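Novice: let me see the structure of the following:
(chains A and B)
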Amino acid sequence: MIAIVNGEMEEIDGNPSILELLAIKNVERPDMVSVELNGVILKRNEFGSVKLNENDAIEFLYFMGGGFN
Amino acid sequence: MKLNDEQIERYGRNIILKEVGGSGQERLLESKVLIIGAGGLGSPAALYLAAAGVGTIGIVDGDRVDLSNLQRQIIHFTGDVGERKTESAKEKIEFLNPDVRVKTYDEIATSNNILDIIHDYDFIVDGTDNFPAKFLINDACVMSGRPFSHAGILMFYGQTITVLPHESACFRCLFLGPPPPGSVPSCREAGILGGVAGLFGTIQAVEALKYILGTGGLLAGRLLTVDTLTMSFREIKVKKNPRCPVCGENPAITSLVDYEQEACNLKI
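Specialist: As a prediction, the model looks like this:
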């Protein structure tokens, strides 16, 4: 199916859960990202249960720290 | 206030912009911007805000200048090593523009002092280097209705968003709470190219100036992410999150939280 991942249209096999998609995309630590699905920020405990559907738009938002001492 | 001849000359390139003009320049001179963290982000932000004639600039930082800071923290010079960052920054700002009144807070922002500090300012620039501070600034600004610019940088990457409390998405709308300790590397561990800090601190200064001038479109509801290795800029639209623990419909966080500083970010 087709989904928009981080702004790019992509062909994705099956309809993976968000957790599975993070693994497909080589995001090793799901703790490091916030996930926005069709404009809605998901709770971390929803990553396993929510599935990606045709034409969904998903964004991985990464924690990024700061100016640093 | 009325601009004098010297000010008309000093700020001529601002004043000639129709979005600024004489009245906009006067507004800048009457405005107050607080910069939390006089480091990689805060240095360029402070210099551009001072040069533009922001009348009062507050600087919050409890650190002293270290030799390893100078690669990116451009408001501090070699001779400042060992000095308080607030004093070093104040000195440069006053050299650059005597119109600016600098207020220094030689302390770390905490749940005990932050509301009192931000209370006096029109806009806040978050130039801090750690997640506990970023969440604290977000929550304090949302609770007291102060607009602010968030930025985070690492290696060759960065992201920034402007938050208009209760109008646009806040930092916690996107990131519900700090990441687990150790899950995200710090610049200390992973490095940061100085110019990347400069790019983001400069964006933060421009956002502050536009907010004061009431002109243009702020980065509110838009997270700007930049990969400077490929020099690609991307914007992610983000909505206010109704489940946000601080600005959502049913906020769980109603008082400020001091998260534990991650061990990996502590200065040893």
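
Novice: what's the residue lying closest to B:Ala220 once chain neighbours are set aside in contact with, if anything?
Specialist: Residue nearest to B:Ala220 in three dimensions, not counting chain neighbours: B:Ser168, with 3.7 Å by C-beta to C-beta, 6 or more residues apart in numbering or on different chains. Bear in mind the C-beta positions are built from the backbone N, C-alpha and C, glycine included. Taking C-beta atoms under 8 Å, 6 or more residues apart in numbering or on different chains, we find B:Ser168 in contact with B:Thr162, B:Ala220, B:Gly221, B:Lys240.

Novice: and if we set it to 10 Å?
Specialist: The contact partners of B:Ser168, by C-beta atoms under 10 Å, 6 or more residues apart in numbering or on different chains, come to B:Pro147, B:Ile161, B:Thr162, B:Leu218, B:Leu219, B:Ala220, B:Gly221, B:Arg222, B:Val238, B:Lys239, B:Lys240, B:Cys247.

Novice: neighbour count for those - can I get that in a markdown table?
Specialist: Below are the contacts of B:Ser168 laid out as a markdown table (neighbours: other C-beta atoms under 10 Å in any protein chain shown):
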| residue | neighbour count |
| --- | --- |
| B:Pro147 | 21 |
| B:Ile161 | 27 |
| B:Thr162 | 26 |
| B:Leu218 | 20 |
| B:Leu219 | 21 |
| B:Ala220 | 18 |
| B:Gly221 | 20 |
| B:Arg222 | 16 |
| B:Val238 | 22 |
| B:Lys239 | 14 |
| B:Lys240 | 17 |
| B:Cys247 | 24 |
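
Novice: now do the strands in chain A.
Specialist: Using DSSP state E, the strands of chain A run over A:2-5, A:8-11, A:33-37, A:40-41, A:57-62.

Novice: adding distance to B:Gln204 and mean pLDDT, write these out as a markdown table.
Specialist: Output for the strands of chain A, formatted as a markdown table (distance: least, C-beta to C-beta, whole Å; pLDDT from 0 to 100):
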| stretch | distance to B:Gln204 | mean pLDDT |
| --- | --- | --- |
| strand A:2-5 | 29 | 96 |
| strand A:8-11 | 28 | 95 |
| strand A:33-37 | 21 | 95 |
| strand A:40-41 | 23 | 95 |
| strand A:57-62 | 19 | 95 |
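
Novice: winner for burial among those?
Specialist: Across the strands of chain A, averaging neighbours per residue (mean count of other C-beta atoms under 10 Å in any protein chain shown) puts strand A:33-37 on top, at a mean of 21.

Novice: so in that sheet, which strands flank it, and in what orientation?
Specialist: strand A:40-41 (antiparallel), strand A:57-62 (antiparallel) (DSSP bridges).

Novice: could these go into TSV alongside distance to B:Ile75?
Specialist: Listed next are these as TSV, based on distance: least, C-beta to C-beta, whole Å:
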stretch	distance to B:Ile75
strand A:40-41	35
strand A:57-62	28
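
Novice: so which of these is nearest B:Arg101?
Specialist: Nearest to B:Arg101, of all the strands paired with strand A:33-37, is strand A:57-62, at 37.6 Å by C-beta to C-beta.

Novice: ok, residues contacting that closest one?
Specialist: A:3-7, A:9-10, A:12, A:18, A:21-22, A:25, A:27, A:30, A:32-39, A:41-42, A:50, A:52, B:152, B:154, B:157, B:159, B:174-175, B:179, B:184, B:223, B:225, B:234, B:236-238.

Novice: could you redo the last one with a cut-off of 7 Å?
Specialist: The contact list for strand A:57-62 (C-beta atoms under 7 Å, 6 or more residues apart in numbering or on different chains) reads A:3-6, A:27, A:32-38, A:52, B:174, B:223, B:236.
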